[in-house]
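Enquirer: got a predicted structure here, sequence first:
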Number of protein chains: 2
Amino acid sequence: METMKKIKKIGEDDPRRIVHSIKVGIALTLVSLFYYFRPLYDGFGQAGMWAILTVVVVFEYTVGATICKSLNRGGATLVAGALGVGAEYLAGLCGDKGESVVLGILVFILAAASTFTRFIPNVKKRYDYGVLIFILTFSLVAVSGSQVTEILQLAHQRLSTILIGGATCIVISISVCPVWAGRDLHNLVAENIEKLAAFLEGTWIRGIEDESSMLSSKDNKDKASYLQCHKSVLNSKATEESLANFAWWEPGHGRFRLHHPWKHYLKIGALARNVPAKWKHLVASEFQLKMQPACIKMCTETSKALKELSSAIKNMTYPLSSAEIYIQNSNAAANDLKSILETSSLPTKSDLQEIMPLLVITSLLIDIIKCVEKLSVSVDE
Amino acid sequence: METMKKIKKIGEDDPRRIVHSIKVGIALTLVSLFYYFRPLYDGFGQAGMWAILTVVVVFEYTVGATICKSLNRGGATLVAGALGVGAEYLAGLCGDKGESVVLGILVFILAAASTFTRFIPNVKKRYDYGVLIFILTFSLVAVSGSQVTEILQLAHQRLSTILIGGATCIVISISVCPVWAGRDLHNLVAENIEKLAAFLEGTWIRGIEDESSMLSSKDNKDKASYLQCHKSVLNSKATEESLANFAWWEPGHGRFRLHHPWKHYLKIGALARNVPAKWKHLVASEFQLKMQPACIKMCTETSKALKELSSAIKNMTYPLSSAEIYIQNSNAAANDLKSILETSSLPTKSDLQEIMPLLVITSLLIDIIKCVEKLSVSVDE
């Protein structure tokens, strides 16, 4: 029962997952049809199997990942096949005994060299799968021990089946409820900024409530969800990077052109993560606060600015003048606070102890505002 | 030239990468030998290809990942093969026309359901590859259109070749300079704590230097490397998780038993990441500090405690009494600082402005000490 509930929740959290599962089923069933059309099956022979293999391995959740793997697979098979034929030809010149030795050495060298290239960050990022397929195809061709003419026929069959499999995947993945990595990245970044705004608001609304309710269990739950939410922002780095990576492969879709500056999203995401790193401290310290109007104003204005930035990203609008006004407001509040501190009467000893946490938070808030300002500049770009 | 230098650097950074590449080459050449022994090749027929495929796909950098993929592949092929035979038998009962339809429906249902299970976090973590192979094998068996007896023979061949491929990978990966995910995780966590210690020390040594040298370019470079180092600690979450995941698959090795508590490493890692999140602020704020002896003491003692913890992890020793002494020292320093603040004469207006940054940093340092204390408790476990 517990497991069933969890599984149901996974589907409810993102219904596109169910759609994706059905899409894989359709693609696989379609490709299997090739097997049932006997004439085609007889034409391709065993190679028909490769179409199924391609669909299973290549069909990924996002369009970008599917295209990335299909192109990698197709390209690598082509290059490795050509090299394999060359190796066969070369080895054939060395006589019957020498052939196996030469081929063995070639396989060893190419496998070792290709495996090493997988450690190069840029290759790993974009062509990891292609290198794997390259090693595989080259080894298979080299050790098949067939004549060059046989291999050429085999290669032709295999390439066309991979093409069928890959094309099926790409077409279905784009035409049926496509999951664009680019759009996901776009929304993730915008949502993260929105979460930050809600978190900042929430921290301070919580502060305004009287202390008795703060200690109740409901509030603890609330607090946990706030912590959860800012943690999800902090931990979104890996997701953002892989999405940006896959988005690179995607053709233009919706309001995104082909060469959309995906790198800027990573930059915005990194800046957004800077903010909760500071907040983390703000919440963790759990000081019993004496609220000051200037503090609240700083918070609400910054929060409004963040919301403005988030919606600017979502709607892809450029004029961020309203966000700038909010930032100016919060800066003004910060200055107010500073002047209050300066003009206030000298604190007594006991006051200093009480005032200290407030000072800490004030200085953190000023820093957060600076951070949001940088974020705003980055979003403008 | 630039590329060559980069490639050379990758090899120098971790020579095990070169060894790994050579290991893959050896495994692949060994398995291809099966092709050259004609009697064996004739016995296995086309299935010999699967041994090569298995080696290429299954051989990973760490021992844990290799074992994980081998077991996943073997297990999934077995289960899917058995289910496939069952499906063929069931479809055979429905007559010639009904067979294709029943098989098509079965493939669709199983592919969709299996793809959906890949979204379940626990399945994704450990059996992602197995589910992929399950879909693949089931589809291949179901659409092959062969008789049940033929399939059984094919399955026997394929399983034995996968066994040969998988066993070759596991044996070579363990026997030749093994890369244990567990040991890597262990070292990564210890190194991260050491980096924190160096970072804390560095921050304050920098503070002691006179201001003119602080503004020189050399110092900027230093600062950049400090920031770099604490960033690498902050970003190590994904690496730690995947290592812990693979370490789960590894047999006992060195001083690690089979059921080593890998989860504790993740806990320690998360706590360690908490520390630079606070430091980040400490450095970013760049206040012109008035140094106080208590602050320096807090820093050096905490740094010593961190070093102690790191070496305790490295050598797997339990008595952390010396680390506790350092933590007590830094706590004492923190209390000293507090009492200094309390007993000091009332600050004048201008003093308050100057003293504020110091107060902020002091409170941050006290928090860091608390964090290190938690870390120490966690390491004890």
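Expert: Structure received. Being a predicted model, the structure only gives us computed values, none of them experimental.

Enquirer: relative to residue B:125, how far out is the residue lying closest to residue A:53 once chain neighbours are set aside?
Expert: Counting by C-beta to C-beta, 6 or more residues apart in numbering or on different chains, residue A:53 lies nearest to residue B:136, which is 6.2 Å off, once chain neighbours are set aside. C-beta here means a position set from N, CA and C on the backbone, and glycine is covered the same way. Using C-beta to C-beta, to the nearest Å, we find residue B:136 at a distance of 20 Å from residue B:125.

Enquirer: these two: which has the busier surroundings?
Expert: Neighbour count, other C-beta atoms under 10 Å in any protein chain shown: between residue B:136 and residue B:125, residue B:136 has more, with 23 against 13.

Enquirer: does residue A:142 touch residue A:86 like I think?
Expert: No. With contacts counted by C-beta atoms under 8 Å, residue A:142 stays clear of residue A:86, the gap being 9.9 Å.

Enquirer: what about the host helix or strand of residue A:195, average pLDDT?
Expert: Assigning secondary structure by DSSP states H and E places residue A:195 in helix A:181-208. Mean per-residue pLDDT for helix A:181-208: 66.

Enquirer: kindly report the same for stretch A:167-177.
Expert: Mean predicted confidence for stretch A:167-177 is 87.

Enquirer: in that stretch, which residues are buried?
Expert: By 16 or more other C-beta atoms under 10 Å in any protein chain shown, the buried positions in stretch A:167-177 come out as A:168, A:169, A:170, A:172, A:173, A:174.

Enquirer: for stretch A:184-194, same thing?
Expert: Residues of stretch A:184-194 classed as buried by neighbour count (16+ other C-beta under 10 Å): A:184, A:185, A:186, A:188, A:189, A:190, A:191, A:192, A:193, A:194.

Enquirer: can you name every helix or strand that whichever strand or helix holds residue A:9 contacts?
Expert: When secondary structure is defined by DSSP H and E, residue A:9 falls within helix A:2-13. Packed against helix A:2-13 by the contact rule (3 or more C-beta pairs under 8 Å, 6 or more residues apart in numbering or on different chains; DSSP states H and E) you find helix A:16-36.

Enquirer: follow-up on the earlier one: residue A:142 and residue A:86: which has the busier surroundings?
Expert: Comparing residue A:142 with residue A:86 by other C-beta under 10 Å, the one with more neighbours is residue A:142, at 27 against 14.

Enquirer: for the more buried one, helix, strand, or coil?
Expert: Secondary structure assignment for residue A:142 (DSSP: H, G, I helix; E, B strand; the rest coil): helix.

Enquirer: for residue A:101, what is the enclosing helix or strand?
Expert: Assessed by DSSP H and E, residue A:101 sits inside helix A:95-117.

Enquirer: how about residue A:73?
Expert: Following DSSP H and E, the helix or strand that holds residue A:73 is helix A:63-92.

Enquirer: could I get the average pLDDT for that helix?
Expert: 87.

Enquirer: try stretch A:1-15
Expert: Per-residue pLDDT over stretch A:1-15 has a mean of 80.

Enquirer: ok so residue A:249 is a helix residue?
Expert: No. With three-state DSSP as the criterion, residue A:249 is coil rather than part of a helix.

Enquirer: dihedrals phi and psi, it?
Expert: Note on residue A:249: its backbone torsions stand at phi -80, psi -20 [degrees, to the nearest 10].

Enquirer: for chain B, what are the nearby residues on the stretch 101-250 of chain A?
Expert: Proximity of the stretch 101-250 of chain A to chain B (C-beta under 8 Å from any C-beta of the partner chain) is limited to residues A:103-104, A:107-109, A:111-113, A:115-116, A:119-120, A:132, A:135-136, A:139-140, A:142-145, A:235, A:237-238.

Enquirer: any chance of a PyMOL selection covering the buried ones in those?
Expert: Selection of buried members from those for PyMOL, criterion 16+ other C-beta under 10 Å:
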select buried, chain A and resi 103+104+107+108+111+112+115+116+119+120+132+135+136+139+140+142+143+144+145+237
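
Enquirer: in the stretch 51-200 of chain A, which residue sits closest to chain B?
Expert: Scanning the stretch 51-200 of chain A for proximity to chain B using C-beta to the nearest C-beta identifies residue A:112 as nearest, at 3.6 Å.

Enquirer: name the nearest residue to that residue, sequence neighbours excluded.
Expert: residue B:25 (3.6 Å).

Enquirer: got it, and residue A:64?
Expert: Leaving aside its chain neighbours, residue A:64 sits nearest to residue A:246 (3.1 Å; criterion: C-beta to C-beta, 6+ apart).

Enquirer: do residue A:162 as well
Expert: residue A:54 (5.1 Å).

Enquirer: does the one you found sit in a helix, a strand or a coil?
Expert: helix.

Enquirer: quick one on the thing from earlier: can you name every helix or strand that the helix holding residue A:101 contacts?
Expert: Counting by 3+ C-beta pairs under 8 Å, 6+ apart, the packing neighbours recorded for helix A:95-117 are helix A:63-92, helix A:121-143, helix B:16-36.

Enquirer: so for residue B:91, which of these sits nearest?
Expert: Proximity to residue B:91, assessed across the helices and strands packed on helix A:95-117 by C-beta to C-beta, is greatest for helix A:63-92 (29.9 Å).

Enquirer: go through that closest one and flag the buried ones.
Expert: By 16+ other C-beta under 10 Å, the buried positions in helix A:63-92 come out as A:63-74, A:76-77, A:80-81, A:83-85, A:87-88, A:91.

Enquirer: angle of whichever strand or helix holds residue A:245 against helix A:63-92?
Expert: In this structure, residue A:245 is located in helix A:237-247 according to DSSP H and E. With axes from the mean of the first three to the mean of the last three C-alpha atoms, to 10 degrees defining the directions, helix A:237-247 sits at 70 degrees from helix A:63-92.
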